[in-house]
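*Asks:* What follows is a predicted structure for the sequence shown.
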Amino acid sequence: MEENQPKTGKFSLNYGLILGGISLIFGIMLYTQDMHTSQSPVIMIIGLVLAAVVTYLGISNFRKANEGYLSLGQALKIGAGIALISAIIAIAYNYALVNYIDPDAPSKIMDARLGPALESGEITQEQFNVQKEQSIKFWWMGYPFILIINILIGLVLGLISGLILKKAKPAY
């Protein structure tokens, strides 16, 4: 009799949409508080914790649906898939933010990133202006970077979750 094994893609899609939705709500909350251009490490840590929790839950629930068994490969697939789906949602939100909602966001972000270097004298006003202008000009290049970094983070989170939750099927 053939077993009806759960599909990693289904769990990746569902939990990727959950993480993407939570991240979207978090991004909108940051925008309404005018913190969307902040470079605070706390905001980045919150995003990473959200990703870790949702990834762990997705892998854990896959294991439950798979009769308590989980391979490391399945955990990596789910982790990367969740990250991919949530990254696509993040890119769509970021695109809408910088092109329609707040077209000055790239300029504000570059001011926040480069401002401390200008104030401390590490760079001149001319260097500041050139770096800011070039960064804004090539802002779109950040989208593939977001995708790649998210997938790498998803692989790491999938690996960690997989190492914690893995349980091989018996050989018999």
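*Replies:* Received, thanks.

*Asks:* Can you show me the helices along the protein?
*Replies:* 8-32, 41-65, 72-96, 105-120, 125-137, 142-165 (DSSP state H).

*Asks:* Tell me which other helices or strands the fourth one touches.
*Replies:* Using 3 or more CB pairs under 8 Å, 6 or more residues apart in numbering; DSSP states H and E as the contact definition, the elements that helix 105-120 packs against are helix 125-137. Where you see a C-beta, it was placed from the backbone N, CA and C, and this is true even at glycine.

*Asks:* next one: the helix it packs on to chain centre, how far?
*Replies:* How far helix 125-137 lies from its chain's middle: 27 Å, per CA atoms, centre = their mean, to the nearest Å.

*Asks:* what's it in contact with?
*Replies:* Here helix 125-137 makes contact (CB atoms under 8 Å, 6 or more residues apart in numbering) with 106, 107, 110, 111, 114, 117, 118, 123.

*Asks:* Just the buried subset of those residues, please.
*Replies:* 106, 107, 110, 114, 118, 123 (16 or more other CB atoms under 10 Å).

*Asks:* Contact partners for the closest residue to residue 164 other than its chain neighbours?
*Replies:* What sits nearest to residue 164 in space, not counting adjacent residues and going by CB to CB, 6 or more residues apart in numbering, is residue 56, at 7.9 Å. By CB under 8 Å, 6+ apart, the contact set of residue 56 is 157, 161, 164.
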